[in-house]
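Student: Need coordinates for the below:
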Amino acid sequence: MAPVPGIDEIRLGLSGFLRDETFAEGVTFDSATPLASLGVDSMALVQVLLFVERRFGVEVPDAELTRANTATVDALALCIERAIRQRAEAAGRG
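Tutor: Prediction:
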């Protein structure tokens, strides 16, 4: 089984994807910047979630995609980390 990525790895992956694929050149943000203030809408969020599936091999459950859980890179990274840990725990029980 592959090692479970830590929160820092998830945060860096999300930030890199957003910087490279979503935001215009020169947009500055940090992991606590509200994503809505940067123009991240539902379509951009879908792209982020597809990246998460490819990079981390996990689908974030729809019930976890709340406004609070998708407000910032920090919040989204925590949500993704929970989904990864739940998957790993389920695999360990299987």
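
Student: I would like the residues contacting the single longest helix found in the chain, please.
Tutor: In the chain, taking DSSP state H as the definition, the longest helix is helix 73-93. Helix 73-93 is contacted from outside by 1, 4-7, 10-11, 14-15, 18, 29-33, 35, 48, 52, 56, 58-61, 64-65, 68-70, using CB atoms under 8 Å, 6 or more residues apart in numbering. The C-beta positions use only the backbone N, C-alpha and C, and glycine is treated the same way.

Student: Tell me where the model's unsure across this protein.
Tutor: For the chain, applying pLDDT under 70 flags the ranges 1-2, 93-94.

Student: ok so, going back, quick one: buried ones out of the contacts of helix 73-93?
Tutor: Taking 16 or more other CB atoms under 10 Å as the criterion, what is buried in the contacts of helix 73-93 is 5, 10-11, 14-15, 18, 29, 33, 35, 48, 52, 56, 58, 60, 69-70.

Student: Three-state assignment for the closest residue to Glu21 other than its chain neighbours, please.
Tutor: Of all residues not flanking Glu21 in the chain, Gln47 sits nearest, at 6.8 Å (CB to CB, 6 or more residues apart in numbering). What DSSP: H, G, I helix; E, B strand; the rest coil gives for Gln47 is helix.
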